[in-house]
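Student: build me a model from this:
(2 chains)
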Amino acid sequence: RKEVEQDPGPFNVPEGATVAFNCTYSNSASQSFFWYRQDCRKEPKLLMSVYSSGNEDGRFTAQLNRASQYISLLIRDSKLSDSATYLCVVSMGFSGGYNKLIFGAGTRLAVHP
Amino acid sequence: DAGVIQSPRHEVTEMGQEVTLRCKPISGHNSLFWYRQTMMRGLELLIYFNNNVPIDDSGMPEDRFSAKMPNASFSTLKIQPSEPRDSAVYFCASTPLSSWQRWSNYGYTFGSGTRLTVV
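Tutor: From the prediction side, this is the model:
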(Lines give C-alpha, C1' and ligand atoms only; values in the text may rest on other atoms or scores of the structure.)
Protein backbone atom coordinates (compact mmCIF):
# COMPACT_ATOMS: atom_id res chain seq x y z
CA ARG A 1 0.00 0.00 0.00
CA LYS A 2 1.27 3.48 -0.84
CA GLU A 3 2.08 5.74 2.09
CA VAL A 4 -0.08 8.56 0.71
CA GLU A 5 -2.88 7.85 -1.75
CA GLN A 6 -4.80 10.32 -3.87
CA ASP A 7 -7.26 10.11 -6.75
CA PRO A 8 -5.16 11.20 -9.76
CA GLY A 9 -8.14 12.83 -11.49
CA PRO A 10 -8.32 14.85 -13.63
CA PHE A 11 -11.15 16.83 -12.15
CA ASN A 12 -12.62 19.01 -14.88
CA VAL A 13 -14.86 21.72 -13.40
CA PRO A 14 -16.35 25.00 -14.63
CA GLU A 15 -15.35 28.33 -13.14
CA GLY A 16 -17.22 29.03 -9.93
CA ALA A 17 -17.66 25.38 -9.03
CA THR A 18 -16.79 23.85 -5.67
CA VAL A 19 -14.42 20.89 -5.83
CA ALA A 20 -13.09 18.56 -3.14
CA PHE A 21 -10.00 16.38 -3.11
CA ASN A 22 -9.37 13.52 -0.73
CA CYS A 23 -6.25 11.79 0.47
CA THR A 24 -5.52 8.84 2.77
CA TYR A 25 -2.28 8.04 4.55
CA SER A 26 -1.01 4.80 6.01
CA ASN A 27 1.19 5.87 8.94
CA SER A 28 -0.96 6.56 11.99
CA ALA A 29 2.01 8.22 13.71
CA SER A 30 2.20 11.03 11.13
CA GLN A 31 2.19 14.43 12.80
CA SER A 32 2.19 17.09 10.11
CA PHE A 33 0.05 17.44 7.03
CA PHE A 34 0.12 19.79 4.07
CA TRP A 35 -1.35 20.50 0.69
CA TYR A 36 1.07 21.57 -2.03
CA ARG A 37 0.24 22.91 -5.45
CA GLN A 38 2.32 22.14 -8.54
CA ASP A 39 1.82 23.94 -11.83
CA CYS A 40 2.83 22.24 -15.07
CA ARG A 41 6.63 22.03 -15.40
CA LYS A 42 7.13 23.94 -12.16
CA GLU A 43 8.22 23.07 -8.64
CA PRO A 44 5.75 22.16 -5.87
CA LYS A 45 4.77 25.08 -3.66
CA LEU A 46 3.22 25.00 -0.22
CA LEU A 47 -0.50 25.81 -0.42
CA MET A 48 -1.44 25.33 3.22
CA SER A 49 -0.80 23.31 6.34
CA VAL A 50 -3.62 21.10 7.63
CA TYR A 51 -4.54 21.27 11.29
CA SER A 52 -6.60 18.86 13.36
CA SER A 53 -9.38 21.38 13.90
CA GLY A 54 -9.58 22.16 10.19
CA ASN A 55 -8.43 25.43 8.71
CA GLU A 56 -9.39 27.86 6.01
CA ASP A 57 -7.42 30.20 3.79
CA GLY A 58 -9.70 32.28 1.61
CA ARG A 59 -11.45 29.93 -0.81
CA PHE A 60 -9.49 26.91 0.43
CA THR A 61 -10.52 24.70 3.36
CA ALA A 62 -8.49 21.78 4.66
CA GLN A 63 -9.74 19.06 6.98
CA LEU A 64 -7.97 16.27 8.84
CA ASN A 65 -9.55 13.12 10.25
CA ARG A 66 -6.88 11.32 12.27
CA ALA A 67 -9.13 8.37 13.17
CA SER A 68 -9.75 7.61 9.51
CA GLN A 69 -6.28 8.82 8.38
CA TYR A 70 -7.96 11.03 5.86
CA ILE A 71 -7.22 14.56 4.62
CA SER A 72 -9.35 16.73 2.39
CA LEU A 73 -9.07 19.99 0.47
CA LEU A 74 -12.12 21.99 -0.59
CA ILE A 75 -11.86 24.76 -3.16
CA ARG A 76 -14.83 27.10 -3.46
CA ASP A 77 -15.61 29.42 -6.36
CA SER A 78 -12.94 27.83 -8.60
CA LYS A 79 -10.86 30.16 -10.76
CA LEU A 80 -9.06 29.37 -14.01
CA SER A 81 -5.83 30.03 -12.12
CA ASP A 82 -6.60 27.15 -9.74
CA SER A 83 -5.80 24.69 -12.55
CA ALA A 84 -2.83 22.68 -11.26
CA THR A 85 -1.91 19.43 -9.56
CA TYR A 86 -2.60 19.29 -5.82
CA LEU A 87 -0.25 17.16 -3.76
CA CYS A 88 -1.21 15.70 -0.39
CA VAL A 89 1.81 15.62 1.93
CA VAL A 90 2.33 13.77 5.20
CA SER A 91 5.26 13.71 7.62
CA MET A 92 6.92 10.45 8.54
CA GLY A 93 9.18 10.08 11.54
CA PHE A 94 12.18 7.83 11.64
CA SER A 95 15.03 6.98 13.97
CA GLY A 96 16.86 9.84 15.60
CA GLY A 97 13.77 12.00 15.95
CA TYR A 98 13.91 13.20 12.37
CA ASN A 99 10.98 13.65 10.06
CA LYS A 100 10.62 13.64 6.33
CA LEU A 101 7.72 14.60 4.11
CA ILE A 102 6.09 11.99 1.89
CA PHE A 103 4.23 13.28 -1.15
CA GLY A 104 1.17 11.78 -2.76
CA ALA A 105 1.14 11.42 -6.52
CA GLY A 106 -1.22 14.38 -6.85
CA THR A 107 -4.72 15.16 -8.09
CA ARG A 108 -4.98 17.15 -11.29
CA LEU A 109 -7.54 19.96 -11.47
CA ALA A 110 -8.59 21.65 -14.70
CA VAL A 111 -10.93 24.64 -14.38
CA HIS A 112 -12.60 25.68 -17.64
CA PRO A 113 -14.52 28.84 -18.60
CA ASP B 1 15.58 35.93 -0.50
CA ALA B 2 16.85 34.16 -3.62
CA GLY B 3 15.13 30.87 -2.81
CA VAL B 4 16.60 27.44 -3.44
CA ILE B 5 18.84 27.61 -6.49
CA GLN B 6 19.45 24.61 -8.70
CA SER B 7 21.67 24.19 -11.72
CA PRO B 8 21.57 23.34 -14.50
CA ARG B 9 17.88 23.82 -15.39
CA HIS B 10 18.12 21.31 -18.19
CA GLU B 11 20.65 18.58 -18.88
CA VAL B 12 20.79 16.23 -21.84
CA THR B 13 23.48 13.59 -21.73
CA GLU B 14 24.38 10.31 -23.30
CA MET B 15 24.03 7.02 -21.51
CA GLY B 16 27.16 6.19 -19.55
CA GLN B 17 28.18 9.79 -18.91
CA GLU B 18 28.56 11.32 -15.47
CA VAL B 19 25.96 13.90 -14.46
CA THR B 20 26.29 16.36 -11.58
CA LEU B 21 23.34 18.35 -10.29
CA ARG B 22 23.87 21.29 -7.98
CA CYS B 23 21.83 22.95 -5.26
CA LYS B 24 22.18 26.01 -3.06
CA PRO B 25 19.65 25.98 -0.20
CA ILE B 26 18.13 29.04 1.37
CA SER B 27 20.58 30.64 3.79
CA GLY B 28 19.88 29.51 7.34
CA HIS B 29 17.99 26.37 6.32
CA ASN B 30 19.69 23.41 7.93
CA SER B 31 17.77 20.58 6.28
CA LEU B 32 18.20 19.77 2.60
CA PHE B 33 16.43 17.14 0.51
CA TRP B 34 16.89 15.73 -2.98
CA TYR B 35 13.74 14.45 -4.71
CA ARG B 36 13.17 12.85 -8.09
CA GLN B 37 9.88 13.23 -9.96
CA THR B 38 8.60 11.05 -12.79
CA MET B 39 5.14 10.53 -14.22
CA MET B 40 5.15 6.89 -13.13
CA ARG B 41 6.44 7.25 -9.56
CA GLY B 42 5.66 10.85 -8.59
CA LEU B 43 7.95 12.62 -6.11
CA GLU B 44 10.44 10.24 -4.47
CA LEU B 45 12.78 11.30 -1.67
CA LEU B 46 16.34 10.31 -2.54
CA ILE B 47 18.38 11.67 0.37
CA TYR B 48 18.01 13.98 3.37
CA PHE B 49 20.80 16.06 4.93
CA ASN B 50 20.60 17.75 8.31
CA ASN B 51 23.38 20.17 9.22
CA ASN B 52 25.35 18.86 6.21
CA VAL B 53 25.20 15.25 7.45
CA PRO B 54 23.30 12.60 5.46
CA ILE B 55 20.49 11.38 7.71
CA ASP B 56 18.50 9.14 5.40
CA ASP B 57 19.71 7.86 2.04
CA SER B 58 17.34 4.92 1.83
CA GLY B 59 15.76 6.40 -1.28
CA MET B 60 18.96 6.48 -3.32
CA PRO B 61 18.22 3.99 -6.10
CA GLU B 62 21.61 2.31 -6.39
CA ASP B 63 25.33 2.81 -6.17
CA ARG B 64 25.36 4.88 -9.32
CA PHE B 65 23.83 7.72 -7.29
CA SER B 66 25.81 9.70 -4.73
CA ALA B 67 25.18 12.96 -2.91
CA LYS B 68 27.37 15.31 -0.93
CA MET B 69 26.92 18.42 1.14
CA PRO B 70 30.39 19.84 1.82
CA ASN B 71 29.01 22.95 3.51
CA ALA B 72 25.75 24.57 4.54
CA SER B 73 25.34 26.41 1.25
CA PHE B 74 26.00 23.73 -1.37
CA SER B 75 25.01 20.18 -2.26
CA THR B 76 25.57 17.94 -5.27
CA LEU B 77 23.81 14.87 -6.61
CA LYS B 78 25.95 12.79 -8.95
CA ILE B 79 24.92 9.96 -11.25
CA GLN B 80 27.72 7.84 -12.70
CA PRO B 81 27.18 6.20 -15.10
CA SER B 82 23.84 7.63 -16.18
CA GLU B 83 21.15 5.47 -17.76
CA PRO B 84 17.99 6.37 -19.75
CA ARG B 85 15.80 5.31 -16.79
CA ASP B 86 17.39 8.11 -14.76
CA SER B 87 15.54 10.64 -16.94
CA ALA B 88 13.38 12.70 -14.57
CA VAL B 89 13.08 16.09 -12.91
CA TYR B 90 15.36 16.32 -9.89
CA PHE B 91 14.30 18.77 -7.18
CA CYS B 92 16.26 20.09 -4.26
CA ALA B 93 14.33 21.43 -1.26
CA SER B 94 15.26 23.00 2.06
CA THR B 95 13.56 23.79 5.34
CA PRO B 96 14.76 25.80 8.32
CA LEU B 97 14.12 23.33 11.08
CA SER B 98 14.58 19.65 11.79
CA SER B 99 12.37 19.54 14.83
CA TRP B 100 9.04 17.89 14.11
CA GLN B 101 7.26 20.03 16.67
CA ARG B 102 7.57 23.05 14.46
CA TRP B 103 6.98 21.41 11.15
CA SER B 104 3.28 22.11 11.27
CA ASN B 105 4.11 25.67 10.30
CA TYR B 106 6.74 24.90 7.72
CA GLY B 107 6.87 22.89 4.59
CA TYR B 108 9.75 22.68 2.23
CA THR B 109 10.85 25.31 -0.26
CA PHE B 110 11.71 23.68 -3.56
CA GLY B 111 14.12 24.81 -6.21
CA SER B 112 13.02 25.04 -9.83
CA GLY B 113 14.40 21.59 -10.56
CA THR B 114 16.80 20.09 -13.09
CA ARG B 115 15.16 18.31 -16.01
CA LEU B 116 17.52 15.44 -16.88
CA THR B 117 17.28 13.52 -20.13
CA VAL B 118 19.60 10.58 -20.69
CA VAL B 119 19.65 9.34 -24.28
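Student: run the chain-centre distance for the lowest-mean-pLDDT helix or strand in chain B.
Tutor: For chain B, counting by mean pLDDT, DSSP states H and E, strand B:53-56 ranks last in confidence among helices and strands (a mean of 90). Relative to its parent chain, strand B:53-56 has a centroid offset of 13 Å by CA atoms, centre = their mean, to the nearest Å.
Student: now that strand: buried residues?
Tutor: B:55-56 (16 or more other CB atoms under 10 Å in any protein chain shown). Heads up, the C-betas are built off the backbone N, CA and C, glycines and all.
Student: mean confidence (pLDDT) on the next helix or strand after it, please.
Tutor: Downstream of strand B:53-56, the next assigned helix or strand under DSSP states H and E is strand B:65-71. Mean pLDDT, strand B:65-71: 97.
Student: give me the contact list for strand B:65-71.
Tutor: Here strand B:65-71 makes contact (CB atoms under 8 Å, 6 or more residues apart in numbering or on different chains) with B:32, B:34, B:46-47, B:49, B:52-54, B:57, B:60, B:75-80.
Student: quick one, strands of chain B?
Tutor: Secondary structure of chain B (DSSP state E): strands located at B:5-7, B:10-13, B:19-24, B:31-38, B:42-50, B:53-56, B:65-71, B:74-79, B:88-95, B:109-110, B:114-118.
Student: ok, which of those strands comes nearest residue A:77?
Tutor: Set against residue A:77 and scored by CB to CB, the strands of chain B come closest in strand B:109-110, at 27.6 Å.
Student: and residue A:81, helix, strand or coil?
Tutor: With DSSP: H, G, I helix; E, B strand; the rest coil as the basis, residue A:81 sits in helix.
Student: again with the one 4 residues further on
Tutor: Secondary structure state of residue A:85, per three-state DSSP, is strand.
Student: that one and residue A:37 touch, don't they?
Tutor: Yes: counting by CB atoms under 8 Å, residue A:85 does reach residue A:37; the two are 7.3 Å apart.
Student: what segments of chain A are strands?
Tutor: A:4-6, A:11-14, A:19-25, A:33-38, A:44-50, A:55-57, A:60-65, A:70-75, A:84-94, A:98-103, A:107-112.
Student: and the ones you listed, which one averages the lowest pLDDT?
Tutor: Here the strands of chain A differ in mean pLDDT, and the lowest is strand A:98-103 at a mean of 84.
Student: who touches it?
Tutor: With CB under 8 Å, 6+ apart as the test, strand A:98-103 has contacts from A:3-4, A:25, A:31-32, A:34, A:36, A:44, A:87-94, B:33, B:35, B:42-43, B:45, B:48, B:50, B:55-56, B:98, B:100, B:103, B:107-108.
Student: kindly report the same for stretch A:61-69.
Tutor: Identification of contacts with stretch A:61-69 by CB under 8 Å, 6+ apart yields A:24-26, A:28, A:30, A:33, A:35, A:48-52, A:54-56, A:70-74, A:76.
Student: same question for stretch A:38-48.
Tutor: With contacts defined as CB under 8 Å, 6+ apart, stretch A:38-48 is touched by A:34-37, A:55, A:57, A:60, A:62, A:73, A:84-87, A:103, A:106, B:43, B:91, B:107-113.
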